[in-house]
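Colleague: sharing a model that was predicted from the sequence below.
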Amino acid sequence: MLTSIETDQLLHAAHYPLEFGTTVGVNPPVSPPQVDPASDETLLPTTDESSIFVARENELAQLDAFLQNVLTQQQGRIIFVTGEAGSGKSALVQEFVARAMVTHTDLVVAGGNCNAYTGVGDPYLPFRAILELLTDDSETRWAAEPVIRRHGRRLRMLLPHTSHTLVSVGADLIDTFISGAALLARAERLMTSDRELLAQLRRLVTRYSNDQQKDSPEQRNLFEQYSRVLRTLAKQYPLLLILDDLQWADQGSIDLLSHLGRGLAGTPILLVGIYRSSDVALGRDGNRHPLAPVVNELRAQLGEIRIDLKQTSGQAFVNAIVDSEPNQLPATFRAALYQHTQGHALFTVEILRSMQRRGDLIQNEHGAWIVGPTLNWHELPARVEGAIEERIQRLPEPLQEALRVASVEGENFLAEVTAQVQEIDGWTMVRQLSTTLDQRHRLVRGEATQRLGDHRLSQSRFRHILFQQYLYNSLDTVMQPILHEKVGQALEQFYGEQSEPVAVQLAHHFQLAGVPNKAITYHRQAGQRALTLSAHAEALAHFQAALTMLETMPATAERIHQELDLQTSLGVALIVRKGYAAPEVVQVYTRALALSEQADDTTQLCRALTGLWLSNFVRAALAEARTLGEQLLELAERKQDP
């Protein structure tokens, strides 16, 4: 939740490096452990909360200055932490959060992250997670960073205030950004004495659950309500909000971020966005990345609001990593290490791990690390991918295979899905992940469990997305689609008729598996869900993907009905995004008109005619609009429908 794929102990190791044990200047010195080359147990990052966060004190000071200004001046603002994969962005923010929560005992922290594989099509993903945390969703809190989990009492204390605020100024966020039924259940469990609030929540939840035809709220109204909820909460508790992996954010989340950037004035709210600068610079789908203009606009208004770790990961950074533990490593070694890693935090840590195992670094009689007699820089991995490969390949083959299957599901994965694909017992997989791959090798991290009918699902996460990417890329072009299909089938089995929450994932897996009929079904479901959330850009993407795949299907009556349904849904999203007069709207409804006549579908024919009539009327093509209006009238009279 709070941090990205770069977080927790693994990237924490970029700043508590070499994992020798305790940290200089904090705990009494102890003898560093001896390294067992068959095990990672002695190479694990320390989790001592009092440890010193080396090499990033300047950046921490900058973040703290931003927070102090927000709290003292009551002027909310947005800042960004940027850098490349493995540079320590999320670890930096995690340490900042930990220190801030100690210093400011009334500070409330919540965060959400975007997803590398489904985030672009999953509307408002990080902002939904934030609101779930602020309403004390225990499952979301458990999936959050440890620093958030340890301060869950603050979030629980906020639940009554958040619930009242949602009812009074954010009612449309219920059952769009958060589950109304789940919120009501938490309120009934924890706020039994507040009968008036419970009654209001029940009315809202019942109204929304019973009204299947309710109109979707306009996006700008959702954004304004979200902003009002945050501003109202901040009057009682200052807020620190973290948005991680914004390079993968959906358009709706970026639009909401832009809206909040203009609406935080006069409130003690600091919003920290984290993203990879190179991914944003590359753009998205051949166009400029949608985050770029938002960042530039905010910079024009507020001045420099970015902390770029790429500019600070030099020789001094590498020296600080090396000096986090007792050593007698000379300047020549440090210079060679920097030359080899170019200050890349994760790569530096992995290279040092490798040196320990090889015996290139050894400990003298005083427990200090020194250069061993066998050091050969040419034998070390030249890139971070090589260091990761070396680490993965030390695992027994069954564990490597389990991780390869898990990598198909993505950065986050379900142990039970991996087990089903491998045709092994689910409990065996959970135990392997928890004891061996998490606690011992630190390659994954257990995050949350949930009940889904008769099933218990256990979610884990790769500690760094570069691990997941290496494993996935190690699969050949034959295995990848086969495993995507198997993962999709397993998800279908677990979720059954409750597939809407994972429709984006299912569409992704079946599309890559080359199973167009299922991919089309789930893209349509994901698109309809996006429409109900007023996330029209995401809806467009899903409907267009489904239509593209539909072109490969045989020409049947079923295909005509599928395309007709998709075209009319696409028209709704296009009208909101581009307006009635857009040429694309005319094109879509013209196609829908032809299809509805082919299918002899009167209902869809009316929708197509109405869409075309409105488009022509708005464009002042009055003659065409009149002709279409007459056709609609004739159709209504024929069906005796006023």
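Modeller: In hand now; what should we look at? Residues are numbered from 1 along each chain as shown.
Colleague: and for the residue lying closest to L201 once chain neighbours are set aside, the neighbour number?
Modeller: Nearest residue to L201 in three dimensions, chain neighbours excluded: L184, at 4.9 Å (C-beta to C-beta, 6 or more residues apart in numbering). No exception for glycine: its C-beta is placed from N, CA and C like everyone else's. Each residue near L184 was counted by other C-beta atoms under 10 Å, and the total is 18.
Colleague: surely L184 is in contact with A199?
Modeller: No - using C-beta atoms under 8 Å, L184 is not in contact with A199; the gap is 10.7 Å.
Colleague: can you map out the strands along this protein?
Modeller: 77-83, 108-113, 239-244, 269-276, 306-308, 361-363, 369-371, 412-414, 444-452, 455-462 (DSSP state E).
Colleague: of all these, which one is nearest R394?
Modeller: Closest to R394 of the strands of the chain is strand 444-452 (C-beta to C-beta; 15.2 Å).
Colleague: still on that earlier bit, rank the strands of the chain by pLDDT, which is bottom?
Modeller: Lowest mean pLDDT within those: strand 444-452, at a mean of 86.
Colleague: contact partners for A535?
Modeller: By C-beta atoms under 8 Å, 6 or more residues apart in numbering, the contact set of A535 is P123, Y124, Q219, D250, Q251, G252.
Colleague: of those residues, buried ones?
Modeller: Using 16 or more other C-beta atoms under 10 Å as the burial test, the contacts of A535 include P123, Y124, Q219, D250, Q251, G252 as buried.
Colleague: how many other residues sit next to T428?
Modeller: 13.
Colleague: and the residue nearest to L201, what's its pLDDT?
Modeller: For L184, pLDDT reads 90.
Colleague: from L222, how far off is it?
Modeller: Per C-beta to C-beta, to the nearest Å, L184 is found 20 Å from L222.
Colleague: re earlier: just the closest of the buried ones among the contacts of A535 to V408, please.
Modeller: D250 (22.0 Å).
Colleague: doesn't R128 make contact with the closest one?
Modeller: No - the criterion here is C-beta under 8 Å, and D250 misses it with R128 at 10.7 Å.
Colleague: chain neighbours aside, what residue packs nearest to L302?
Modeller: Using C-beta to C-beta, 6+ apart, the nearest residue to L302 is R77, at 6.2 Å.
Colleague: residues in contact with the one you found?
Modeller: R77 makes contacts with F66, N69, V70, L264, L270, L271, L302, I305, as judged by C-beta under 8 Å, 6+ apart.
Colleague: need these in JSON lines (columns: neighbour count and distance to E485).
Modeller: Shown next, in JSON lines, are the contacts of R77 (neighbours: other C-beta atoms under 10 Å; distance: C-beta to C-beta, whole Å):
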{"residue": "F66", "neighbour count": "18", "distance to E485": "47"}
{"residue": "N69", "neighbour count": "13", "distance to E485": "52"}
{"residue": "V70", "neighbour count": "23", "distance to E485": "49"}
{"residue": "L264", "neighbour count": "23", "distance to E485": "45"}
{"residue": "L270", "neighbour count": "27", "distance to E485": "44"}
{"residue": "L271", "neighbour count": "22", "distance to E485": "40"}
{"residue": "L302", "neighbour count": "12", "distance to E485": "48"}
{"residue": "I305", "neighbour count": "16", "distance to E485": "44"}
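Colleague: okay, which residue is most central for this protein?
Modeller: For the chain, C114 is the residue whose C-alpha lies nearest the centre (C-alpha atoms, centre = their mean; 2.0 Å).
Colleague: how about it, what does it touch?
Modeller: L125, P126, L243, D244, D245, L246, Q247, W248, A249, D250, S253.
Colleague: could you do L574 as well?
Modeller: L540, A582, E584, V585, V588.
Colleague: which of those residues are buried? Put it as a PyMOL command.
Modeller: The buried subset of the contacts of L574, as determined by 16+ other C-beta under 10 Å, is captured in PyMOL by this line:
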select buried, resi 540+582+585+588
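Colleague: what's the neighbour count on R220?
Modeller: For R220, the neighbour count with other C-beta under 10 Å is 11.
Colleague: ok, for it, nearest residue in space, not its chain neighbours?
Modeller: Going by C-beta to C-beta, 6+ apart, R220 has H259 as its nearest residue, at 8.0 Å.
Colleague: quick one: that neighbour and S227 touch, right?
Modeller: Yes - at 6.4 Å, H259 and S227 qualify as touching, with contact defined as C-beta under 8 Å.
Colleague: which residues of the stretch 101-250 of the chain score low on pLDDT?
Modeller: 138-151, 208-215 (pLDDT under 70).
Colleague: can you redo the strands of the chain as CSV with distance to H344?
Modeller: As requested, the strands of the chain are exported to CSV (distance: least, C-beta to C-beta, whole Å):
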stretch, distance to H344
strand 77-83, 10
strand 108-113, 21
strand 239-244, 19
strand 269-276, 13
strand 306-308, 14
strand 361-363, 19
strand 369-371, 20
strand 412-414, 24
strand 444-452, 22
strand 455-462, 18
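Colleague: so what's E218 closest to, chain neighbours aside?
Modeller: Looking at E218 with C-beta to C-beta, 6+ apart, the closest residue is S534, at 6.2 Å.
Colleague: does the one you found really touch P217, like I thought?
Modeller: Yes - at 6.0 Å, S534 counts as touching P217 under the criterion of C-beta under 8 Å.
Colleague: of the buried ones among the contacts of A535, which belong to helices?
Modeller: Of the positions in these, Q219, Q251, G252 sit in helices, assigned by DSSP state H.
Colleague: which of those residues sits closest to R276?
Modeller: Of those, the one sitting nearest to R276 (C-beta to C-beta) turns out to be Q251, at 17.9 Å.
Colleague: need the contact list for the closest one.
Modeller: Going by C-beta under 8 Å, 6+ apart, Q251 touches V120, P290, A535, A537, E538.
Colleague: how close does the closest residue to the first one other than its chain neighbours sit to G119?
Modeller: Here the nearest residue to V120 in space, its sequence neighbours aside, is D250; by C-beta to C-beta, 6+ apart that works out to 5.3 Å. Distance from D250 to G119, counting by C-beta to C-beta: 6 Å.
Colleague: need the residues touching each of the two.
Modeller: Joint contacts of D250 and G119 (C-beta under 8 Å, 6+ apart) are L125.
Colleague: what about the nearest residue to Q420 once chain neighbours are set aside, how many residues close to it?
Modeller: Counting by C-beta to C-beta, 6+ apart, A490 is the residue found nearest to Q420 once chain neighbours are left out, at 4.4 Å. If you count neighbours by other C-beta under 10 Å, A490 ends up with 20.
Colleague: give me every residue that touches A490.
Modeller: E416, V417, Q420, V421.
Colleague: ok, now F510?
Modeller: By C-beta under 8 Å, 6+ apart, the contact set of F510 is H484, E485, G488, P516, K518, A519, Y522.
Colleague: how close does the residue nearest to L63 when sequence neighbours are not counted sit to R77?
Modeller: Among residues not flanking L63 along the chain, F96 sits closest, at 4.5 Å (C-beta to C-beta, 6+ apart). According to C-beta to C-beta, F96 stands 15 Å off from R77.
Colleague: re the thing from before, the more surrounded of S534 and P217?
Modeller: S534 (24 against 17).
Colleague: contacts for stretch 222-239?
Modeller: The contact list for stretch 222-239 (C-beta under 8 Å, 6+ apart) reads 70-71, 76, 104, 106-110, 127, 131, 134, 154, 158, 161-162, 165-166, 168-173, 176-177, 241, 255-256, 259-260, 263-264, 266-270, 533-534.
Colleague: one more time with 6 Å, if that's ok
Modeller: Identification of contacts with stretch 222-239 by C-beta atoms under 6 Å, 6 or more residues apart in numbering yields 71, 106-108, 161, 165, 169-170, 172-173, 256, 259-260, 263, 267-269, 534.
Colleague: shaky segments in the stretch 251-400 of the chain?
Modeller: In the stretch 251-400 of the chain (pLDDT under 70), the answer is 311-313.
Colleague: pull out the buried positions in stretch 504-521.
Modeller: For stretch 504-521, the neighbour count (16+ other C-beta under 10 Å) marks 504-513, 515-516, 518-521 as buried.
Colleague: domains of this structure?
Modeller: 8-16+53-149+224-310, 556-642 (automatic domain parsing).
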